[in-house]
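**Student:** Next input, structure requested:
(chains A and B)
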Amino acid sequence: MKKSEDKAVGLPNYFKKIGVALIILVIVAMFILKGLHYDFDTIPKGNIKTIAMNLFILGLAFIALAKDKIEDEMHVFLKLKSFYSAFIFGIIFTIIFPIFDIVINDDVQQIPGQQLVIMMLFSQISTYFLLKRSEK
Amino acid sequence: MKNTLKVERAKLNLTQQDLADKVKVSRQTINSIETERYTPSTVLALKISEVFKTSVNEIFILEEDEK
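**Tutor:** Numbering: from 1, shown residues only, chains lettered A, B, ... in the order given. Coordinates of the predicted model:
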């Protein structure tokens, strides 16, 4: 029986703290850079934005993938439910986004991949949090 | 699926937390099982029955439409 019990997938719990720290760090760094009127000419502005977005995604992913302190079978089940709902959210977003674009801009633009991943991760984290609260 | 977890717990004077500690799950999981919002796995059902020294069938009972 022991083998199947050890199969719980996910990063160690401390990755949640690393994720939160990473997100705070990115937000603070962006505010500081903006406050200092950072010369974006030395490093292209797009690069900094991309790096910041990627670190933000990494932070969210750490929070989403880290195990709880007590990760039992019900928590794994709730996590599965939340990932399922995030995936559906991603599909709906992908379908709806071009429709909004047509209505507002009269032109269909490509969905930014980073934006989609961030929204899916936010959806997973918030759904999991709500599901866990409803079980208390 | 119905269960007699609350009754069995009361017989042994165990809190949800005590039972959760014994079967190594969270208190929320025990609460969800008691309120029939979550159906435990076979392994967890066997662990719970072991705590109460009774058979799984006596604690977890299938409802008519599940038979």
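**Student:** Now B:Leu5. Nearest residue, chain neighbours left out?
**Tutor:** B:Glu34 (4.9 Å; Cβ to Cβ, 6 or more residues apart in numbering or on different chains). Placement of C-beta: from N, CA and C, glycine included.
**Student:** okay, the one you found: pLDDT?
**Tutor:** pLDDT, B:Glu34: 93.
**Student:** do A:Val9 as well
**Tutor:** Predicted confidence (pLDDT) for A:Val9: 80.
**Student:** so it, which of the three states?
**Tutor:** Here A:Val9 takes the coil state, with states given by DSSP: H, G, I helix; E, B strand; the rest coil.
**Student:** Would you mind measuring from it to chain B?
**Tutor:** 16 Å (Cβ to the nearest Cβ, to the nearest Å).
**Student:** need the helices for chain B, in chain order.
**Tutor:** B:5-11, B:16-23, B:27-34, B:42-51, B:56-59 (DSSP state H).
**Student:** Would you tell me which of those helices gets closest to A:Ile32?
**Tutor:** Evaluated over the helices of chain B, closeness to A:Ile32 peaks at helix B:27-34, with 40.1 Å, by Cβ to Cβ.
**Student:** Tell me the buried residues in stretch A:127-136?
**Tutor:** By neighbour count on 16 or more other Cβ atoms under 10 Å in any protein chain shown, the buried set for stretch A:127-136 is A:127-128, A:131-132, A:135.
**Student:** Check the model's average confidence along that stretch for me.
**Tutor:** Mean predicted lDDT for stretch A:127-136 stands at 88.
**Student:** Single out the most deeply packed of the helices of chain B.
**Tutor:** Mean neighbours per residue, mean count of other Cβ atoms under 10 Å in any protein chain shown, is largest over the helices of chain B for helix B:27-34, with a mean of 21.
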